[in-house]
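Undergrad: I need the structure of the sequence given here:
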Amino acid sequence: MVSKANPEVTDAMESDLLRSVHAILLELDGHHTASQFNRGMLRWTLHKKIERNPANNCTLVKIVVKELERAERSDNKLHIIPLLHTLMYAIVQAVYIPDDLYKRVYEFCKRLLTLPQPYCTVGLSHAVRVKSERLTPGVLYQRMVLSEQNIKNEQYQYHEKVFVFADPALLSMEMSAALSSEIESASPCRSHMSYMCDVIVHTMQAALGDSCDAPTLERMLKAKGQDTIELYFREVVATVEVCAEEAGGNHSLYTGKLQQLYTTIVSSANPDGQSSSTLFGIPLPNPEISFHLWREDDLLWKELAKFTRSVSSSEVLSSDSASFEMPDPVSDLTSSELLRLSILSTDSGIERDLPPSELPAVSEEPSAGRSEQEQGRLVRRGGIKMKPSVSDGMALLQDTLEETGASPLGKLQRRAGSHGLPGSRQQKLYTARIVVLGDDRIVGRLAKAYYSLRKREARRPFLTQKLSLQFYYIPVTHEEQSSSSTKENTPTAGSDLCQLAAYLGRVDPWYENNIRSLCHMIPKLAKMKSCSGKSSEANPFLTDVISYYVRMGLQPVYFCIYSVKIAFTCLTKEHVEDVFVTQLQIDIPECMSFSGTMKGKGTLTRKKNFTENCGAMMTISYKKASLSNREVEKGLSLQTSGLVMRAIPSCETEDLDCLIVSFSEGSKVKAGVDGKIRTCNIKIGTLEQKPFTVCLDQDYRRIFKNVASIEVSPCLEPGYCIQKMRNSRFSVCDQEDVGLTKYMSKALPLPINTFAGIIQ
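TA: Modelled structure (predicted):
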């Protein structure tokens, strides 16, 4: 459970830590000789060093503070946020840090408030945490263990869980089994008693410092019974939380109470020798992580509902996932019906249609005053119409006002970073950290599931009141998968399937080094593990990276979710509504069948002739996107063999939150149009009897054929739509926002957490 560490840090140890920090900075600058596929290993190696030797934490804090001050003097902002995260991760796990060092760190974080975004936001977040840890040493470690390991107590009742959803189309069964095995082996099933002892020992050392005899304290705790350990644990947690919640925080009173409790615990120890003041390293355990292959559309909702119910004291859910029943029967719905959440009832509401076992009890003899015809009359069953309560409506409204951070409709500047002061929002009891493994296809699936969840919550809030969602993205690519897509001649062949991860890597260098660099490494690690069959419990690299990402990646980048309405050439077929977040591609089927013969050997003239022969005449009407936020409606007609709408900018010079529509080569575009359209609202249809194919988020599982027209616009927040519909009953003009809808976000964004947000 614990490991002894030498309290003396030699010059060799300090030099080794300094070299590790400098290597990380060189890697950030692009001067390190490490391979592109090994990026991120330096950060993991450094944290493993301080985990094995807790005395290194204080030394690492001193080194990082010096490097931060040097970066401040030289105005090297590239190093600030990575060093800040390295610093905070060391502080959380540190056994003991002197007060003067806390003060030095806190003063530096305060100076960051004068810098622009995102430095001031990250600096403020860390300053609040450092101040809390300085006044109440051990509070960050204690709260993290209590919430991540779901240890029930009366003082701090928050729970967290990490859900990893992987794309089954990208990972083979062997690779999925290897990843699942590593995650399970890296999170051993320890008893809550051991976690309680860890919290007690760590808090005592952080508060008392050298006056705490950690070996004796641990030995005495092991000798105690379960009831006694729980009593000590509750007293420690209560002392920490009371001091942390006080405005000023009485540090002397805090240490005095812990000193008194410490004396009580070790008073019965036999003085068989000199008491040791050796620091004990209490490793920070990995959070509770569950691994899932995302095969079902409603899997996200099921797991979130199961999580909130499993840890609830009022509701008990069976551990068998097969016995779990959904509140709404959505398993039999199609993809379009799932978005609408329309449920067809088979109950007529008539007593005569009920089976005999469910008929209500009736008197044996009929009433004398009723005829036989009246007795056989169909009678409706009694029932009530459920309406959302006031508290449910206010919970959804507050959630929409606080959590949505998308730009207003028409604004082209992408929003990033947490908004408001840390702790200003009411913290919810449950936090689900959703990590998706895959490429742009699984991000599109996440956006669709998130939109479906918001629509469900808008109808009747179930998770909104108590659950907070945090989204994370770890890209994964596989060479064999890309080659197989080429063989299938799907629209995704030959295209970049990690556009969103590439964008996040450009705007956040720390994400680029630690997360995006894993896109090629994860399949190789999984393949090595599946071939060797050896357990990686000793060095669980992937699990450690996920734990670091979900703990320190708290700055979201918001991506607009676009809604697409699809009409088909068959008039009897209902329209379909779907969403996408990265890309929409339109192809003419007859052009796709001959496109392979034109690659590499067709001149521009041939491509134009090819477009004229097999292309389709399309009409396009759109609202031109501009920085001035002036809506200019335009339209055009052109002969084309296909087009692509990209929501993710491909270069740093065009970081606009809008769609960029590009036409295929050889398309006849009228004068004044440069071949690209920037818009947020667009309608496309064909003038000829030539249907086209639509592919969303480069996912071959989301292809719509025989399409006649589409309409694309930013996806509206379901909570805003519900509130606007309610207000329209009392408003003459439906176009204007009245009441609280004026302050609600209209668009529904998909927030992906990073370490810094967007660095300009």
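Undergrad: the residue lying closest to residue 157 once chain neighbours are set aside - how many residues pack around it?
TA: Leaving out its chain neighbours, the residue that sits closest to residue 157 by C-beta to C-beta, 6 or more residues apart in numbering is residue 429, at 6.3 Å. Just so you know, the C-beta spots here come from the backbone N, C-alpha and C atoms, and that holds for glycine as well. Counted with other C-beta atoms under 10 Å, the neighbours of residue 429 add up to 15.
Undergrad: what strand or helix carries residue 232?
TA: helix 226-245 (DSSP states H and E).
Undergrad: next, the angle helix 226-245 makes with the first helix or strand past that helix going along the chain.
TA: Next helix or strand after helix 226-245 toward the C-terminus (DSSP H and E): helix 251-266. Interaxial angle of helix 251-266 relative to helix 226-245 (axes from the mean of the first three to the mean of the last three C-alpha atoms, to 10 degrees): 170 degrees.
Undergrad: for helix 251-266, buried residues please.
TA: 254, 255, 257, 258, 261, 262, 265, 266 (16 or more other C-beta atoms under 10 Å).
Undergrad: buried ones in the host helix or strand of residue 47?
TA: Counting by DSSP H and E, the element that carries residue 47 is helix 41-52. By neighbour count with 16+ other C-beta under 10 Å, helix 41-52 contains the buried residues 41, 42, 43, 46, 47, 50, 51.
Undergrad: thinking again about what came up before, my read: the residue nearest to residue 157 touches residue 466, true?
TA: Yes - the pair residue 429 / residue 466 is scored as a contact, 4.9 Å apart, by C-beta atoms under 8 Å.
Undergrad: the helix or strand where residue 125 lies - contacts with which helices or strands?
TA: Per DSSP H and E, residue 125 falls inside helix 119-135. In terms of contacts (3 or more C-beta pairs under 8 Å, 6 or more residues apart in numbering; DSSP states H and E), helix 119-135 is packed against helix 80-93, helix 99-111, helix 139-148, helix 226-245.
Undergrad: go again using 7 Å as the cut-off
TA: If you count contacts as 3 or more C-beta pairs under 7 Å, 6 or more residues apart in numbering; DSSP states H and E, helix 119-135 packs onto helix 80-93, helix 99-111, helix 139-148.
Undergrad: I'd like these as CSV, with mean pLDDT, mean neighbour count and distance to residue 470 appended.
TA: As requested, the helices and strands packed on helix 119-135 are exported to CSV (pLDDT from 0 to 100; neighbours: other C-beta atoms under 10 Å; distance: least, C-beta to C-beta, whole Å):
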stretch, mean pLDDT, mean neighbour count, distance to residue 470
helix 80-93, 94, 23, 16
helix 99-111, 95, 16, 23
helix 139-148, 94, 22, 13
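Undergrad: any chance of these in a markdown table, with distance to residue 528 too?
TA: As requested, those are exported to a markdown table (distance: least, C-beta to C-beta, whole Å):
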| stretch | distance to residue 528 |
| --- | --- |
| helix 80-93 | 27 |
| helix 99-111 | 39 |
| helix 139-148 | 28 |
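Undergrad: mind checking which of those is nearest residue 572?
TA: Set against residue 572 and scored by C-beta to C-beta, these come closest in helix 139-148, at 53.0 Å.
Undergrad: run through who's touching that closest one.
TA: Outside helix 139-148, the residues that touch it by C-beta atoms under 7 Å, 6 or more residues apart in numbering are 92-93, 129, 132-133, 153, 156, 158-160, 195, 198-199, 202-203, 237, 240, 244, 284-285, 287-288.
Undergrad: how far off centre is the next helix or strand after it?
TA: Next along the chain after helix 139-148, taking DSSP H and E as the criterion, comes strand 159-166. From the chain centre to the centre of strand 159-166 is a distance of 9 Å (C-alpha atoms, centre = their mean, to the nearest Å).
Undergrad: give me the most central residue, the chain.
TA: What sits nearest the mean C-alpha location of the chain, by C-alpha atoms, centre = their mean, is residue 471, with 0.7 Å.
Undergrad: confirm it sits in a strand?
TA: Yes - applying DSSP: H, G, I helix; E, B strand; the rest coil, one finds residue 471 inside a strand.
Undergrad: does it touch residue 749 like I think?
TA: No - assessed by C-beta atoms under 7 Å, residue 471 is found out of contact with residue 749, at 10.4 Å.
Undergrad: hey, where'd the strands end up in the stretch 201-350 of the chain?
TA: Secondary structure of the stretch 201-350 of the chain, counting by DSSP state E, counting those that start in this stretch: strands at 280-281, 289-293.
Undergrad: could these go into a markdown table alongside mean pLDDT, distance to residue 124 and mean neighbour count?
TA: A markdown table is the format used below for the strands of the stretch 201-350 of the chain (pLDDT from 0 to 100; distance: least, C-beta to C-beta, whole Å; neighbours: other C-beta atoms under 10 Å):
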| stretch | mean pLDDT | distance to residue 124 | mean neighbour count |
| --- | --- | --- | --- |
| strand 280-281 | 76 | 30 | 23 |
| strand 289-293 | 93 | 29 | 18 |
